[in-house]
Each structure stands twice: as structure tokens, then as C-alpha cells.
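>>> Can you look at this prediction? I've put the sequence above it.
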There are 2 protein chains.
Amino acid sequence: MIGSEALVRSLVTSGVDVVFGNPGTSEMHFVATLDAVPEMRGVLALFEGVATGAADGYARLRESPAAVLLHLGPGLGNGLANLHNARRSRAPVVAIVGDHATYHKQYDAPLESDIDTVARNVSTWIRRSMRPEDAGRDAAAAVAAAFGPPGQVATLILPADVSWSEGGSVAAPAPRRPREAVSAAMLDTVATVLRSGERTAFLLGGSALTARAIGAASRISQATGAEVLGETFPARIERGAGVPVIQRLAYLAEMAAGQLDGLRHLILVDTKAPVSFFAYPGKPSDLVPEGCDVIVLAGGGDDAAAALEALATELGAHPIAVSDHPTPDRPSGELGAESIARAIGALLPEGAIVSDEANTSGTFLPTFTAGAPRHDWLTLTGGSIGQGLPVAVGAAIACPDRPVLALEADGSALYTLQSLWTMAREQLDVTTVIFSNRRYAILRMELARVGATASGQRALEMLDISPPDIDFVALAKGLGVPATRPERAEAFVADLERAFSEPGPHLIEAVIPSLF
Amino acid sequence: MIGSEALVRSLVTSGVDVVFGNPGTSEMHFVATLDAVPEMRGVLALFEGVATGAADGYARLRESPAAVLLHLGPGLGNGLANLHNARRSRAPVVAIVGDHATYHKQYDAPLESDIDTVARNVSTWIRRSMRPEDAGRDAAAAVAAAFGPPGQVATLILPADVSWSEGGSVAAPAPRRPREAVSAAMLDTVATVLRSGERTAFLLGGSALTARAIGAASRISQATGAEVLGETFPARIERGAGVPVIQRLAYLAEMAAGQLDGLRHLILVDTKAPVSFFAYPGKPSDLVPEGCDVIVLAGGGDDAAAALEALATELGAHPIAVSDHPTPDRPSGELGAESIARAIGALLPEGAIVSDEANTSGTFLPTFTAGAPRHDWLTLTGGSIGQGLPVAVGAAIACPDRPVLALEADGSALYTLQSLWTMAREQLDVTTVIFSNRRYAILRMELARVGATASGQRALEMLDISPPDIDFVALAKGLGVPATRPERAEAFVADLERAFSEPGPHLIEAVIPSLF
């Protein structure tokens, strides 16, 4: 058995049966292996950033890795931004980077570059298979490393000659580490704080944003008065009917500071202490208020949901009735960020997966979707735009029976628009809404916040993506996705309803005023 | 003066007056500075790979760097593939990577990552400005480092607080190192070889592909019988009327081996000894034939053209009459790789700049364009596809009075298609021809060459970019560029003629059979 077949079969044995990719010459044996191993599904992307983001989206839903196949250092580079975001998602991803044959590297051929250093930006687990005999075992180890918990990007570099040479064998899955139980002592510590009557808040992140974990935290909140916040950019949060509504910590440091002001205790549950997204002149980076102590109830490898439930039991917190939030009426009139949020809140289907990269245009979404049927909400975890459409691709591959809604700012969508083609090829049930305000609106806002005084045309032009106006209906058509551009809220509602009711991908371009 | 202003003014003082970029929050003071320093032109791209490739294209024409502005590690990642290509072009590029404020890095905010390790993939010169007092001097040093020669990607990391704090001052340009003269001893050594009567070839690359250098080498060839070859993927080669035609070393190692077979001496002029692009089972990576010695006449920092001229003088080589190559007739009938090459050969305007990423569909181009008016030909230097359109953007910014022709394989075009929008915004005189064969044809070819046996549908689907068919006319329209899809050669000729005669960008999609 050649190395690539040993690798692919070992991935399958370890539970990895989807590979997103953009292969090149050094990956041709991996590709050929797809004929021999029908259990592995290959999903082609037109650009590596689509493939890596899709692997992230897939992992967020499945809690198990997909593989992504990349072509040497430059292919890894093209996929790097969304691997950065995946690192921040703590999503398990197995990145397989094809490389030149071991004996060919010395010649410094045109595509030769230092893959390891690039991988180090996103991976702490990096391995190079040096013999076909190792390929299977290395694949199994990569899957276990990616799984964590917490999940991570595990990078396996696969030289072409290791791929094509005989000597490989299929490896058994490496054991997956279970989440660790939080100690009784820690539970006692936190329970004592919660009983103190001092102002306390939970900050939930990662695995503590399931309905189960949010429910437990909310019961504790009702019993003790502690507040419950979610992290600003969760990889996945369960929301909607039956799940208590929690506020996420605001992106704007000024607003986040307001949410945290006066706290005496901040209890972190699978997340980090809050910091400002960027530094701003004269403002603090650390958002934990003075005099507030920080307690880590559960880290990334811990069973956060079980800890919260145990804590609820210890505190005698009773089940609570989760009140239904109102569902907004279908909007009419002008189309804008608010009417779109109302329409989504009114129409979001049961079991939807929402990939949210609406950025500034998404301001009204949390409020108007709180009363929707049960759904998952996925956000831009690492701040590198161009994640939302690829994540939607991966989510749709992971959960073919669930509708996916991608909410995309226009500037962000243009980073990885090639995602639409994969949606069309795979006939994924993804509805994409483009919030087309024709500028990098967040930078308009940030310009003032960092104290830069740019009122001149030359600076502002660097923040505007018009002229020329970008025509997303034409772009979608070019990539095989049917699209519309409704001009008023009524038409938007009709288009959204049709997109949800029909299978396959759709795109709706909403040209709206910028909020900034 | 704040750090960003010191930096931008120092760049201008050092001769860098264009910055391609995708700024983010950490670069807002740099952007605001564009209002204060009108000598610096900001050119916005919708994706960093466009910006970095444009800087490469600009540098190839100007032989002086442009700057490219990137947003932290992920922005550098998005631009990395075309910086890799720029590294292989030995193009001078100043990459300015905005980073978090120095004091903010400790908090591991979402966009925090290890920028230095990523930069190491493409840059040996990496510096981080730690104080506003340093920003100007660091900028000047970056320009000098980028200039070389040989040119390189110099990476300057600019923390946000260095950018916004007072204390900066404008730095004088750092001295640029002139190219070094090749020693008389080396010239004598090479002259002795050339007089030996043994079979000898020059391999010209880099700065040895100007009309002047090619002319000198061709005179020597006529006087001594030595052969003259160009490197496979030159950053820039002057061609057309008045320039002797030289063959480039073939991409396919089998064909390159045929070109080199029987050589006793290979004289390298600003290029490396030839190696196979990829490794193939059972085939050599090193393409220098057994028994052939390799002599380096001029390296990347040497004055290669002067060395060739001195050698021609020493050998008593006389000026030669450069015979005109025939210009093909305008083609008619079926549209395909050959008829397109004939049309381009018939219509290429005087002074054109051709950015060639036609890949397999470009097979016929060298032959049919040899008789065209004088032009520059730029190729995919580093093997990472998605370079051609960005390079065309940069070339058009560098040389606004010259027509630019981008020859793009469909698969490659889709990596950095956002380039079209910058062409539209800046109204660049770029004609893009898409060779739409609807597959990664080179991988179809490579699959067999590496000995992978994939005849099954599942593997071949990973090499096809249809279905769905990609509609480049719609995509161009979406990004603001007028486009056509001629169905026969006559219509292609008419569309190409109109595109060359009208200012501003045009795109022509040619749906053609794949050669593989």
C-alpha cells in the first residue's frame, strides 16, 4: 500500500471522512486514492481559504475534524487566514500539506518554501511523515491531536515520495482524550463565590455555549443572581426556542466595559479573560474591571457543561421556565440592517445553522432572532474576514439535513467568494444574504476610535468599495448560484422565504445604507 | 510627527510612492496619513493576494519597489502566495504589516498571531519598528533591503502605537547598492570555455533577459556557436521586434533534458542551475546533464548585461542583424489555444506588457508572438497560481502609458479574481483573456506524469472546475469590467482589437477545448 492510501484509509478509520481541498501536483497520489477509498469524500474548492474555512465550519458542527488538503507552502498560505480563525474557534482540523519529495527539497525548485514556519502560525502540532511506513500512524496521531480537547489545527506535511511509495499500512485510531471533570474543590470555590452575594458574572465560551451549558448557567443565575454573559465571538452558540437568552460581551470595548463594570468576580467557563479586540490610544486593553477577581471554572480541556450542572445541583438551583421571546413581524418598507434582521427573525427555519459575518450590519440580529426556533449561531472567531461563506460550506457538508444561512458583509464576502461555486457544485442548502453597504463600514467606525483624523477623500477611498459598485447578483450567477436583489423589505421577505423553501444554494443581495 | 507619517514620508523620500493594500484597524493611522502625504498613492484591493501580486508586477517593470500594506498575520497570510512568487521574481517589495500595539500583544486578542514566522517564509529581511523614532529610518532601510540587488521582499512590522505616537522624523534614503561588475578573471574563464569548441549554452535569467543582455548573448552565440536559453519562468523578458528570439527552458523536465542533452558547459547568468519543477518517480531532479560543468558568470547582485557585453567584446563578437519573425495572420474558424495565440501575435500592440498565466493553454504563445512589436513578457515565477491578474494590475499602475494584456487560465484566475475590481476602479488599461477550459488541465497532465493511476470519476472530479460552468462574463460584470464571450476566432479577433483600442479594462472569455 502506498503512503497516500495508508494515510487516507487511516483518516477514515479515525473518523475523518471528508477532505476539502485544492490539490496540486504533489498531492496527485492523494487525489488518486479517492478512487480507491470511496469512504472518503473529496470536496473541491476554487481557493484554499474556502477549504480551510469549510473545515472549520464542519468541525464546529460535528465536533470532530474534517481534513483539508493544501499544496505546499503557498497553498498553506492561501488557507492560513481561515486556519487562524479555526485556531480561535478551537475547531479540530487536520491540515495535510503536500510537499516536494524528500530528496527534491535540496534543489530549491520554484514552489519550495519553509512550510513549517508558516504552519507554526496556526498549529502547535506539526509533523512531517518521512516514510510511507509512518503515514498511517501519523494520520491517526494528527486526528487525535486535532481533536484535543480543546480542538486545534494539526498540520501533517506529506512529501510526494512518501505519498507515492509502497510500505504504508492502515493505523488504528489513536485514543481521543475525554474532557476532564472539574475538581470538587473548584466547584466549591465557585459555589462559595456565588453564595457571597457579591456581584458575579459567568463568561461562557467554547463548549459552554451549548443549550445544556447555557441552561445550567441560567438556573444558577436565577438561584444566585449571578449574571451570565457569552463570549464576543463564539464558534457556536445554541440559541432560540427553549434556550435562555444570554447577552454576548460587546465588541466595542467601551460597551463591554459597561457590561462588566462593578463586578467583583468573573467566572470563566471555557473562555479567556476579556480583552479589547484592538488597542485604542488611552484606553485599557484588559477589560477586567479593577477589583474584580477572575476564576477559571473550566478550561478548554474540561467538561464545562457538566461542571455547570454540578454547580447548579450544589447550589440547589431549580429548573427554570424559559420564556418565549417574541418573533418579529415580517417587515415592510425600506430595506436596511434592521428590517433584514426582522425578516430573518420572522422566517428562520427550525434547526437552522447561521454563519454570521454581517459585521456592522448585523447589529440588530441578536435581538430579532432570539425568539426564532432552535438554531446554531456561528461567528467570526479570529477576526480575519472571509470566514463566513466557507464556514457555511462546511456546516452544510456536516449537516446536510439542516438549512444554512450565511449572513455576509459585502467586503468580507469578497475575500472568499469562490465559496459560492462549491455551494453550487455540491448543491448545498445555503442561503446567503449579502449586506451590501459598499464600504468597509467597520473601518469607518474604527478610524475615529483609534483617533486617526482622516476626513480627506484619499484616506476615505481606502475604506470604500465603491465605485465601481459590486454586483453580487452577477457574481453569484457567474459561480452558479441563483441570486436576487430585492429593493424593499417585502421583496426581501419573499426572496428569503423562497430561498429557505427551495433546496440548493441561493443568494440575496441587499443594498442597504451603512450604519457608519 | 507620528510614526506612520514618518514612515510614509520616508518611503516617498526613498522613491516609494505607491502602496497597494487592504488596511484594517491597526493600519488606520497609515491610511489617514494618505491625506497628509499626497505624494503617496494608495491603491485599494479587495483581497491581499491582489495587493502583493500587484507590488510584484509593479516592481518587475519599475525595478524599484512599491509598498504593500497588510493587516496583521492573517493579512500577511492572505498575501503570502504572491509574496512567495515575488520572492522567486526577485522583485523588490516593501511589505508593511500592521500589528497590535506593542503593549497589547500580551493579551492574545483574536487577531494576535506570530507574524514573524509567517514573514520568514518569504523574507530574510524582517524588522519590527519598536518606537516612532525608528519608523522613518526603518522604512528607508526596508526600501534599500528590498532593492538589493537582487530584489527581495523586505517585511517591516508596524505596531499600531508606533504608528500613532509622536516622535517620528523623516529619514534620508539609505544608499542603494549598485550591481557589481563581474571580475575579469571570470570573464576570461568563460571566454576560454567559449573558445574551446565544446558544446556550451548560456542560461539567462533575471536581469539577463533585457533586450540588451539577450542581444549581447546572441552576438556571442553567433561568434562562438554557444546556445542561448532563457530560464523557464522569467520575471520579465524583453521580446519582439529587434530582440533576438531565444528559447526558454521547457517546463516539462523531459523536454528540458532534451534541450540540455550533450552539453559540456552550462553558463548561468543571473539564474540557478536547472531543476525539475516537481519530482517524478524514477526521474532526476537535477537537470544538468552528466559530464556538464556549471559556471556562474553572474549572480543576482552582479551586472549581468555588462558582463555579457564585455564578453562579446573580448570574443570579438560583431553586432548581428536580428531577423524579423513572421507575424501570424488573423485566425478564423474554431476558437482554441492555437487560434488565440495567433490572434495575440497578430494584434499585440507596441510596448505591450503581457502577464502570462495561461498555463497549459499558453503552449502556442511563444511561437506566435515572437514577431510582435517590442513588448515585455512576465510569467508565473513561483508556481503559486493566482499571480497573473494581480501582476497585471501592478504593471498597469507602474506603466500607465502602456497596454497590459493578462493571459489567464480559468482555474488560476479564480484565485485572485478580485483584481478585476481594482482594474475597474483605477480604470487600468488591462485586457484580460480567460482561457476557459474548465479544468485544472495541468493536473490532468501531472496525474499521469507522477504515475498516479486515477481513471475514476471521484479523483478526476477534483481536477475539473465544471459543473457548474463558471461564467466569467458575469463575474467581470459583477466586478465592474466589461466582458464578452466570443465563440469563434473571428469574433475573438474583433473583441481583442476593440479591447486594445479602448482605454480601461476589458475581459474576453474564451471557452476552449483543454489540451489535456
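Sure, I can see it. Just so you know, these numbers come straight off a predicted model, no measurement behind them.

>>> in the sheet, who's paired with A:Thr379?
A:Asp356 (DSSP bridges).

>>> Would you mind listing the residues in contact with it?
Counting by CB atoms under 8 Å, 6 or more residues apart in numbering or on different chains, A:Thr379 makes contact with A:Phe233, A:Pro234, A:Ala235, A:Ile237, A:Asp356, A:Glu357. Yep, even glycine has a C-beta here, placed from its N, CA and C like the rest.

>>> Then A:Gly258?
A:Ala250.

>>> Helix, strand or coil: sort out it for me.
Of the three states, A:Gly258 takes helix according to DSSP: H, G, I helix; E, B strand; the rest coil.

>>> confidence score at it?
According to the predicted model, the pLDDT of A:Gly258 comes to 95.

>>> Same question for the one 10 residues further on.
A:Leu268 carries a pLDDT value of 98.

>>> Grab the nearest non-local neighbour of the residue of the stretch 301-450 of chain A found nearest chain B.
Among the residues of the stretch 301-450 of chain A, A:Ser384 lies closest to chain B, at 3.5 Å counting by CB to the nearest CB. Of all residues not flanking A:Ser384 in the chain, B:Pro74 sits nearest, at 3.5 Å (CB to CB, 6 or more residues apart in numbering or on different chains).

>>> Next up, the contacts around that neighbour.
Neighbour list for B:Pro74: A:Leu80, A:Ala81, A:His84, A:Asn85, A:Gly382, A:Gly383, A:Ser384, B:Leu111, B:Ser113 [criterion: CB under 8 Å, 6+ apart].

>>> Contact partners for the residue of the stretch 301-450 of chain A closest to chain B?
A:Ala81, A:Asn82, A:His84, A:Asn85, B:Pro74, B:Gly75, B:Gly77, B:Asn78, B:Leu111.

>>> was I right about the fourth one contacting A:Asp56?
Going back to what we said before, that points to A:Asn85. Yes - counting by CB atoms under 8 Å, A:Asp56 is a contact partner of A:Asn85 at 6.2 Å.

>>> residues bridging contact with those two, i.e. touching both?
A:Gln387.

>>> Please save the CA atoms from whichever strand or helix holds A:Ala154 in PDB.
In the assignment (DSSP states H and E), A:Ala154 maps to strand A:153-159. Provided in PDB are the C-alpha atoms of strand A:153-159 (Å, rounded to 0.1, in the frame of the first residue of the first chain):
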ATOM      1  CA  VAL A 153      -5.300  22.700  13.800                       C
ATOM      2  CA  ALA A 154      -2.900  19.700  13.500                       C
ATOM      3  CA  THR A 155      -0.600  20.100  10.500                       C
ATOM      4  CA  LEU A 156       0.700  17.000   8.800                       C
ATOM      5  CA  ILE A 157       3.200  17.600   6.000                       C
ATOM      6  CA  LEU A 158       3.300  14.800   3.400                       C
ATOM      7  CA  PRO A 159       6.200  14.700   0.900                       C
END
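
>>> The next helix or strand after it near chain B anywhere?
Of the helices and strands lying after strand A:153-159 in sequence (DSSP H and E), the nearest is helix A:160-164. Yes - counting by CB under 8 Å from any CB of the partner chain, chain B has neighbours in helix A:160-164: A:Ala160, A:Asp161, A:Trp164.

>>> Redo the residues you listed as TSV? Include pLDDT.
Output for the residues of helix A:160-164 next to chain B, formatted as TSV (pLDDT from 0 to 100):
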residue	pLDDT
A:Ala160	97
A:Asp161	97
A:Trp164	97
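
>>> Which one of the residues you listed sits in the busiest neighbourhood?
Highest neighbour count within the residues of helix A:160-164 next to chain B, by other CB atoms under 10 Å in any protein chain shown: A:Ala160, with 28 neighbours.

>>> In contact with it, which residues?
Contacts of A:Ala160 by CB under 8 Å, 6+ apart are A:Thr25, A:Ser26, A:His29, A:Gly98, A:Asp99, A:His100, A:Ala101, A:His104, B:Phe278, B:Ala279, B:Val450.

>>> hmm, back to that, work out the sheet partners of the strand holding A:Ala154 and label each with its direction, please.
Partners of strand A:153-159 in the sheet, by DSSP bridges, are strand A:93-99 (parallel), strand A:125-128 (parallel).
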